[in-house]
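>>> could you look at this predicted model? Sequence included:
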Amino acid sequence: MRCREIGPGFVAQVTDLDLTRPVTALQYGQLNRWLDQYLVLVMPRQALTESQQIDFSALFGPPSERSRPQDQRVEQSPFAHLIGVVTNVRDNGQPIGSLPDGEMWFHHDGCFIERPYRATVLRAVQVTSTGGETLFVDMRQVYESLPAALRAATVGRSAVHVFDYRTLNQQPDPAMDLSRVRHAVHPAVIQHPRSGAHALYVNPLCTVRFIGMPVDESQALLHELTTAILQSSACYRHRWDVDDLVIWDNWASCHARTDFPSGEVRMLRRSIVSGQPLEPALSQ
Ligand code: SIN
């Protein structure tokens with residue numbers, strides 16, 4: 001198994017590993033250490049079955065049940081409760097998977113639940129000729145790069161995050177009625193549960209507002225932090241090839257997607273590693 005950094009301090013490509021075969025205890029430990037160290041691991045040419053993808057996810061923790069298993073699936077599968085399909089394919093006009101179309105803003109998967117997911121795994125089944133890239137940002141590096149005053153304004157705060165993916169590129173309304181949407185409150189700067197690193201934990205797609213702050217101040221702070229995410233040099237753009245397998249840490253990275261042609265099929269299989277409650281960073 002070999003590992004080589006391919007993104008700015010937080011993305012590594014792992015090769016010389018055939019995930020259709022059993023993973024040894026040594027490889028298991030090493031893969032977990034690399035995920036904690038880097039945050040994003042890219043593994044090309046992994047033509048996994050759904051069951052093999054679940055086995056791979058399980059190396060990093062219990063696979064999480066999908067939040068919307070009622071989504072239509074491309075085909076019947078005994079693993080439909082554990083593997084979702086991210087695709088723009090439609091049947092009678094209805095998407096057969098989730099997150100169907102176009103650009104998607106930066107977000108952390110699962111920030112709207114009490115126990116945000118440790119990791120997400122995507123495997124590319126069909127890719128578009130252009131666009132549809134997934135962008136990743138290292139939120140440890142974003143936090144480190146914040147000016148001292150902005151860091152001080154953020155540490156110790158908590159923010160509300162919602163799940164409202166009907167629009168994938170719009171900030172949630174800070175005045176929204178939270179009783180109508182899935183939402184959760186988390187520290188704005190977390191201490192990573194495994195590595196202890198501090199990471200910014202807000203994002204433009206799901207973060208609604210900071211707790212205990214007037215709405216205009218909260219919006220201004222969110223705007224400054226979002227700008228820091230968008231301008232971060234700790235950003236990696238993944239151009240998908242079929243059978244690329246990518247796993248990313250959802251606690252200390254966030255991700256987005258670029259637009260892609262609606263007339264072409266994009267399909268990825270998605271599995272999720274369960275998480276735990278997030279603790280605040282206690283110091284700057
Ligand atoms: C996701 O946010 O989980 C999907 C990302 C993608 O479609 O590239």
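It's in.
>>> pLDDT-wise, which helix or strand of the protein ranks last?
Here the helix or strand of the chain ranked lowest by mean pLDDT, DSSP states H and E is strand 94-95, holding a mean of 88.
>>> extract the C-alpha trace of the next helix or strand after it and format it as PDB.
Using DSSP states H and E, the helix or strand that directly follows strand 94-95 along the chain is strand 104-107. What follows is strand 104-107, C-alpha atoms only, in PDB (Å, rounded to 0.1, in the frame of the first residue of the first chain):
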ATOM      1  CA  MET A 104     -23.700  22.400  -4.700                       C
ATOM      2  CA  TRP A 105     -22.200  24.800  -2.200                       C
ATOM      3  CA  PHE A 106     -19.700  23.800   0.500                       C
ATOM      4  CA  HIS A 107     -21.200  21.800   3.400                       C
END
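>>> same for the helix or strand following strand 104-107, what does it pack against?
Once the chain leaves strand 104-107, the next helix or strand it forms, by DSSP H and E, is strand 119-126. Strand 119-126 sits against helix 50-58, strand 245-249, strand 267-273, with contacts defined as 3 or more CB pairs under 8 Å, 6 or more residues apart in numbering; DSSP states H and E. C-beta: built from backbone N, CA, C; applies to glycine.
>>> out of these, deepest packed?
strand 245-249 (a mean of 26; mean count of other CB atoms under 10 Å).
>>> what sits opposite L268 in the beta ladder?
Using DSSP bridges, the bridge partners assigned to L268 are V86, A124.
>>> surely it is in contact with I83?
No. Applying CB atoms under 8 Å, one finds L268 not in contact with I83, separated by 10.5 Å.
>>> the least confident helix or strand of the chain: partners in the sheet, and parallel or antiparallel?
Sheet pairing for strand 94-95, using DSSP bridges, gives strand 90-91 (antiparallel).
>>> ok now the partner strand, how far from the chain's centre?
Offset of strand 90-91 from its chain centre (CA atoms, centre = their mean, to the nearest Å): 25 Å.
>>> before we move on, what about stretch 28-38?
Offset of stretch 28-38 from its chain centre (CA atoms, centre = their mean): 17 Å.
>>> can you list contacts of that stretch?
Stretch 28-38 is contacted from outside by 1, 3, 5, 10-12, 14, 23, 41, 59-60, 119, 192, 194-195, 247, 249, using CB atoms under 8 Å, 6 or more residues apart in numbering.
>>> stretch 118-130 too?
With CB under 8 Å, 6+ apart as the test, stretch 118-130 has contacts from 35, 46, 48, 53, 56-57, 60-61, 86-87, 109, 134, 193, 240-251, 260-261, 264-276.
>>> would you state the strands of the stretch 101-250 of the chain in chain order?
104-107, 119-126, 134-138, 158-163, 182-187, 189-191, 198-200, 207-210, 235-238, 245-249 (DSSP state E, counting those that start in this stretch).
>>> which one of these lies closest to L221?
Nearest of those to L221, taken as CB to CB: strand 207-210 at 6.2 Å.
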